[in-house]
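**Student:** With the input below, show me the fold.
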Amino acid sequence: MSGSSCVWVEHVTVRPDRIVADIRIADEACVLTSEDMIDKALCRYPHLLDHACVNDRGETFGAVASRTSVAHLVEHMAIEGQARVSSGAKSLFVGKTSWANRAKLLARVEISYEDDLVALASLRAAVLFVDYLLAEREEARFCVGEAPLKTEKRNGNESAGCFRIPYNG
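**Tutor:** Model prediction:
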């Protein structure tokens, strides 16, 4: 874990039918997703909102996506990452996210797999991307009211903001 990470995998167990990952979240401010995070995630994981998902508000991940735990987002990203490279057209991946210790911001993500190495790579990519999205959000929050680090043009408008090199994994 890097000192500046917002989310990371603390421990992984590879079982015969699934991987079980303990996901640590650095701060309470980073626990939940936002609409902006989901919009950015959809650029890389375009089917997220259509995933089947057992939740209180609907039958898909889209029903809870913009206000769920970041660990839950990691679960669905890792599943979609596996589905992209799956050998079977009718492959079905399932996952489950729960709090191992909510007070200590430790979540448990379980994900089925066809190939354990693909599952681990998909999990790693998902965690890195979510960490990037959280760091970007935290930098924007930190910069409010501060001297701008960089001035940039977005949508034709000049605005002050923080500079961050995008993750291209």
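**Student:** Run through the helices of the chain in chain order.
**Tutor:** All helices of the chain, identified by DSSP state H, fall at 35-44, 70-85, 116-143.
**Student:** Comparing those, which yields the minimum mean pLDDT?
**Tutor:** Per-stretch mean pLDDT for the helices of the chain is lowest at helix 116-143 (a mean of 86).
**Student:** tell me which residues of it are tucked away?
**Tutor:** Buried residues in helix 116-143, counted by 16 or more other CB atoms under 10 Å: 118-138, 143. C-beta: built from backbone N, CA, C; applies to glycine.
**Student:** now for that helix, which elements pack on it?
**Tutor:** Counting contacts by 3 or more CB pairs under 8 Å, 6 or more residues apart in numbering; DSSP states H and E, helix 116-143 packs against strand 7-14, strand 18-25, helix 35-44, helix 70-85, strand 106-112, strand 157-161.
**Student:** what separates it from the chain centre, distance-wise?
**Tutor:** 6 Å (CA atoms, centre = their mean, to the nearest Å).
**Student:** thinking Glu110 is in contact with Ile23, fair?
**Tutor:** No: in this structure, Glu110 is not within contact of Ile23 by CB atoms under 8 Å, at 11.0 Å.
**Student:** nearest residue to Ser122 other than its sequence neighbours?
**Tutor:** What sits nearest to Ser122 in space, not counting adjacent residues and going by CB to CB, 6 or more residues apart in numbering, is Gly81, at 3.2 Å.
**Student:** wait, I meant Asp17
**Tutor:** Sequence neighbours aside, Ser112 is the residue nearest to Asp17 in space, at 6.2 Å (criterion: CB to CB, 6+ apart).
**Student:** To what extent is the one you found buried, counted in neighbours?
**Tutor:** Applying other CB atoms under 10 Å, we find 17 residues neighbouring Ser112.
**Student:** Same question for Lys90.
**Tutor:** When neighbours are defined as other CB under 10 Å, Lys90 has 5 of them.
**Student:** going forward can the numbers begin at 24, since that is how I track them
**Tutor:** Okay, using 24 as the starting number, the last item reads as Lys113.
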